[in-house]
Every structure is written in C-alpha cells, then in structure tokens.
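Enquirer: Next one to model:
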Amino acid sequence: MPRLVMKFGGTSVANVDRIRNVARHVAREVAAGYEVAVIVSAMSGKTNELVDWVKDANALYDTAEYDAVVASGELVTAGLLAIALQKEGLKARSWQGWQIPVLTSEAHGSARIADIPSANLDAGFARGEVAVIAGFQGIHAESGRVTTLGRGGSDTSAVAVAAAIGAERCDIYTDVDGVYTTDPRVVPKAKRMERVTFEEMLEMASLGAKVLQVRSVELAMVHRVPTTVRSSFDPPDAARPGTLICDEDDIVEQQIITGIAFSRDEAQITLRRVKDSPGVAAAIFGPLADANINVDMIIQTVSGDQSTTDMTFTVPSAEYQRARAILDEAREHIGYAQIEGATDVVKVSAIGVGMRSHAGVAAKAFRALAEKGINIRAITTSEIKFSVLIDAAYTELAVRTLHSLYGLDQA
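Expert: Numbering: from 1, shown residues only. Below you'll find the predicted structure:
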C-alpha cells in the first residue's frame, strides 16, 4: 500500500474539537488506501506556556531539561489524536520521538535529525495501525536524552519521516490553504499557487514566508519528497488540493517570477572609513560568525583613493544590539572611523526559477521602485531571486508594486 505522511500544526490541534476534525481528515486518507503516519505539534500556545514555565523556574536553565519540558506538549496531542482516531474506528497508536527512534545530534533546542530507522513504523503499518508521532523531538543516542528541533521543527519531523518510510507524499496541514504569490493581507489580489519548485519554496521560506520551516524544505528537496501545503480548516469531505512543492520538471509552465516575499526581521549596520586592506572582511565578520550572528546582504564601497572603504550589511533585528556591541569591542582591531545602524528597514524579495533564462528581470523592478519614490539601500541577487533593502515605511507599496509588475495579480 502507498504511504502518506500528514502533519498538523498547533492551530489545527488547538482543542479537542479540532483534534476530532483532524481525525476525520486522517480517516479520509486511510479510506483512500494509504498507510498513514501523522505528525502533530503541541496545541496552539502550549509550547510558549512551557517555555515560560522553564524561564520562570530558572532563567539560566539546563538546555537538556528545557527539552524534556517543552517536548511534552506534542505528547499530549499525539495521545489525544490516537484516541480520537480509535473513536473513528481506526487502529492507532501514539509514538514519542525516542520510541521510533528519531535519532538526532546533541544540540538541545536546535538538534538536527541524523537518522530515522523505519522498522518500528513498518511493524505498526503491518498491524494496520495509523502511527501518530509527536513532532519536534527526537533522542541523542549516546546520551539517551530527549532533544528538540527548534521552532517549526514538526515540519522537519514530517518530511524526515516521509523520507524514512518512502512516503508517496507529505501533506503539511496548516491554517492557510496553500502557498500564495505573496501575503494576502498585504496584497488582496495574491493568488494561491498550484505548484512551486523546491528551490523557490526554499527561497521563500528563508526570505520571510512563514508557511514552512526552512529546514523542512531543505529535507524535502534533498530527498525529493513531494510536499503539499493544505488547510486543516477545510471540511474533511471537501478538502482542497493546496499547493504542491515539487521538482521543476513537474511544472509544465513556469512564470518568470513566482512570488514576492518580505521580511521585517532585518537591521542594517554600516562601518564608515574602514581601512581597505587584506583581512578586513575577516576582522569584521569573523567575530559575528563566532557569536552565531547571521549576516545577509553585504555591500562594500571603496573610496576614490583606494585607502578606505564603507562596509554595509544586514543582521537579524533581534541580533542588532549584540552585533553592534561586538563591533564596538573590536573597533580598534577592525580600524573603522564610525558605526551607523538602522532597524526600520525591510527586505523585499522576488523569487522565480524563470529568472535563469530571462535577462533584465531585476532591472525592471529597480525602475518600478524608483518611479514610486522608493530608495534602495542594498541589493543581493542569486540565480532565482533578488532582494532589496528598503525603508520599512514603503513595505506594502513595494510589495504591491512588484506583485503587479510581474503579472502576479492575474496569476
């Protein structure tokens, strides 16, 4: 029998009534002939509550014990869904991450999946059971301690399980009915896309789209697991198909630009009159890397006499103060004259595999933004996307301008 993985996020399992609804979605797929594994998140708000309890107990908490606490939210959901499925007349059992086992690294709070042996799940399928698996968690084999995968880790759990059991597809159920050309709250004309390539979805997830966790898309792309984003709020007997994330070869007609993403989680730092000499970039970005601060857009402007340079780059806004403190401390070693910064900036990106075969795509956007009076602070490009850093006040105008410019209003 073909196998299917279904993942349900926190809003989909927010209460017992929602869990009963999930059980009916699962029953529909079992009736269609699938062997089903279900990955569940904690009920909406529960993980935040558990994290608050940990911090209240001790602000300088032990990360291993933190994982032991926060992993419990998914266990409750898994047990309740198994019970609801049994009421639907299905065989079902709940699985904790360590029981499968989901083997991970030892990085508590942000562990990475190393392996998922499928023997226990295979045996459960042979018994005719639906496997209800607590997402977001695993176990480090050597220490025997429970680990968690970081926020959004249930998406990663789902794709990894799908790869491990050879599932035909992984369906991610959430509170939206698919992936849109941009945020419909900003552009009411945004359209749901029927299909998106792995590469495009990876860019969208990393550039501000919150539909899927970045690591889950990476896993899906590496293991070529077709993944669908669907709505759990659709009636189980009339569920819409959602958006399929798949190989580029599976998309017959591809637009030049597929979607517009934006991220408000940006801050800009500029170092003025840095000595232009070998090793200066390492002196700036080395300490930031050592502090696990991700640097994104980088622009270097060399003075006319080639003696100094201005270095502009972006960091996550949550890391802005820490990054400035590190650079202040390293000022003498780096040798810059002045540091400037801004947190009222936004990164707007256009993504599409069609950019590979079309010239002038970004230039068209630059002209359109200029006509709207939007100043571009920084630009980065890759093979299938370009991003611009602009003042936050122009976010909606920029997104709507680019959405219309590339014909996405009529997609």
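Enquirer: so for the longest strand along the chain, what's the average pLDDT?
Expert: Here the longest strand in the chain is taken by residue count, with DSSP state E as the criterion, and it is strand 259-275. In this model, strand 259-275 has an average pLDDT of 92.
Enquirer: Which elements pack onto it?
Expert: Using 3 or more CB pairs under 8 Å, 6 or more residues apart in numbering; DSSP states H and E as the contact criterion, the secondary-structure elements in contact with strand 259-275 are helix 198-206, helix 280-290, strand 308-315, helix 320-329, strand 338-351, helix 395-405. Where C-beta positions appear, they are placed from N, C-alpha and C, glycine not excepted.
Enquirer: Can you say which of these is packed in most?
Expert: With neighbours defined by mean count of other CB atoms under 10 Å, none of the helices and strands packed on strand 259-275 is more surrounded on average than helix 198-206, at a mean of 24.
Enquirer: returning to what we had before: show me which residues of the longest strand of the chain are buried.
Expert: Gly259, Ile260, Ala261, Phe262, Ser263, Glu266, Ala267, Gln268, Ile269, Thr270, Leu271, Val274 (16 or more other CB atoms under 10 Å).
Enquirer: Stretch 86-99 now?
Expert: Leu90, Ala92, Arg93, Ser94, Trp95, Gln96, Gly97, Trp98.
Enquirer: ditto for stretch 184-201
Expert: Neighbour count says stretch 184-201 has 186-187, 190-193, 195-201 buried, by 16+ other CB under 10 Å.
Enquirer: Residues in contact with that stretch: which ones?
Expert: Stretch 184-201 is touched from outside by 177-183, 204, 212, 217, 220-221, 241, 243-248, 250-251, 254, 258-260, 262, 351-353, 384, 395-396, 399-400, 403, 408-409, 411, with contacts defined as CB atoms under 8 Å, 6 or more residues apart in numbering.
Enquirer: about what we covered before: and the helices and strands packed on strand 259-275: which comes nearest Ala370?
Expert: Distances from Ala370 to each of the helices and strands packed on strand 259-275 were compared using CB to CB; the shortest belongs to helix 395-405, at 10.4 Å.
Enquirer: Poorly predicted segments of the stretch 151-300 of the chain, please.
Expert: For the stretch 151-300 of the chain, the stretches flagged by pLDDT under 70 are 208, 252-253.
Enquirer: what about the helices in it?
Expert: Listed in chain order, the helices of the stretch 151-300 of the chain (DSSP state H, counting those that start in this stretch) span 153-165, 198-206, 214-223, 280-290.
Enquirer: Alright, calling it a day.
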